[in-house]
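Undergrad: Just a sequence and a predicted model for now, questions to come.
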Amino acid sequence: MSETRPVAVLGGGAWGTALAQAQAMAGREVRLWARDADTVEAINQRHENPRYLPGARLNPAVRATGDISAAVAGAGVVLAVTPAQTVSGLCEVLAPQVAADTPVVLCAKGIDAESGRLLSDIAAERLPRNPIAALSGPSFAVDVVAGLPTAVTVAAADVEAAAALAALISTPTLRCYSSDDLAGVEAGGALKNVLAIAAGAVIGAGLGASAQAALVTRGFVELRRIAASFGARQETLMGLSGFGDLFLTCGSGKSRNFAYGEALGRGAALEGMRLAEGVATAAIADRIARERGIDAPITQNVALILDRAITVREAMMALLSRPLKSET
Ligand SMILES: NC(=O)C1=CN([C@@H]2O[C@H](COP(=O)(O)OP(=O)(O)OC[C@H]3O[C@@H](n4cnc5c(N)ncnc54)[C@H](OP(=O)(O)O)[C@@H]3O)[C@@H](O)[C@H]2O)C=CC1
Ligand SMILES: O=C(CO)COP(=O)(O)O
């Protein structure tokens, strides 16, 4: 793995653009693949991505292309940054284009809805010759694109590969810790989105900050149960990609998931709102919890709210009236 080879970023949305910007600001050669021709043009000609990060000025070293093979040719690392439910298809497209030894770092936060598997499982199947890693942690694209500091975790099954990748991707403002708990890092990042919807819904429905804190805390217990069923280690879930990201997204309207939940709670129209990853994850996490016999009532109620089977207030009443037990 050489530090002089370009970084390929696949996905011209908010997070792909922000990660490309972070790499460019650290002096690295960056090739950003976006499928939308207007986005490619805006980035190359005007150094901006008005559709996904309006107002952000991009480093001219971020070069975009609509040709995925050109983006990944000779790259030292590939960052895959399209939404979770597109990762399987992206890996299929990538397989014949990418060199066998090039690490592919998954940056989406979700669980594959069709199979109920973690994205790294899907990627390892589609790209059997490539080292697979995941990047997750508290990091709003709008913060990272502006060069504001944060820290995330880069995980891979092999501890040395994870450390080498973390060093490769780290920048002076994006500090990358490493972990060999791939399942823990991925599951924490995916499941916190469901709780961010719940937290936003509570605020939107006017149920107050105390309810928000209680719900997020009990939701974190569920997150840890469901993540454990994927093989996650508990200490990973207490770190940046678990608690850290939960803390960020469950308390800020800058979170797309929180904003989605908040609109739901207010009874506002959801049309025109951008995809919140937690919507798909709530349904699949609820299904997984049932199949595996895991008690996850908050996840279940978020899925019901998203299905319009129950209102936010009804969900809260249902949660409050469950049989009392000691806290675990
Ligand atoms: N936004 C954030 O702050 C953060 C997001 N993430 C995660 O990163 C992932 C991506 O999120 P984000 O960048 O915000 O999403 P956006 O909605 O901002 O952008 C999604 C991008 O993916 C592209 N895309 C969608 N489907 C496909 C496809 N099938 N093939 C190729 N490209 C596709 C879209 O292209 P087009 O414009 O043509 O539709 C768009 O460029 C999510 O899993 C999210 O949870 C993680 C950390 C921070
Ligand atoms: O994952 C994120 C920040 O770490 C972004 O969260 P949202 O997708 O809810 O905006």
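TA: Sure, I can see it. Ligands and ions are numbered 1, 2, ... in the order given.

Undergrad: And stretch 39-58, end to end?
TA: With CA to CA, to the nearest Å as the measure, stretch 39-58 spans 12 Å from end to end.

Undergrad: distance between that stretch and the chain's centre?
TA: Offset of stretch 39-58 from its chain centre (CA atoms, centre = their mean, to the nearest Å): 22 Å.

Undergrad: And the contacts of it?
TA: Stretch 39-58 has contacts (CB atoms under 8 Å, 6 or more residues apart in numbering) with 12-14, 17-18, 20-21, 24, 32, 34, 36, 38, 59-60, 62-66, 141-142, 145-146. For every residue, glycine as well, the C-beta is placed using N, CA and C.

Undergrad: Would you mind splitting the chain into its domains for me?
TA: 7-180, 187-321 (the TED database).

Undergrad: what about the longest one, distance to the chain center?
TA: What separates the centre of domain 7-180 from the centre of its chain is 11 Å, taken as CA atoms, centre = their mean.

Undergrad: and what of the shortest one?
TA: The chain centre lies 14 Å from the centre of domain 187-321; the measure is CA atoms, centre = their mean.

Undergrad: That one and ligand 2, are they touching?
TA: Yes - Domain 187-321 lies within reach of ligand 2 by CB under 6 Å from any ligand atom, at N193, A196, D245, L248, T249, S255, R256, N257, E277.

Undergrad: how near is the first one to E222?
TA: It refers to N193. 13 Å (CB to CB, to the nearest Å).

Undergrad: which of those two has more neighbours?
TA: N193 (32 against 22; other CB atoms under 10 Å).

Undergrad: number of nearby residues for the residue of the chain found nearest ligand 1?
TA: Ranked by CB to the nearest ligand atom, the top residue of the chain for proximity to ligand 1 is G13, at 1.7 Å. By other CB under 10 Å, the residues close to G13 number 20.

Undergrad: Look up the closest residue to it, ignoring the ones flanking it.
TA: Y52 (4.9 Å; CB to CB, 6 or more residues apart in numbering).
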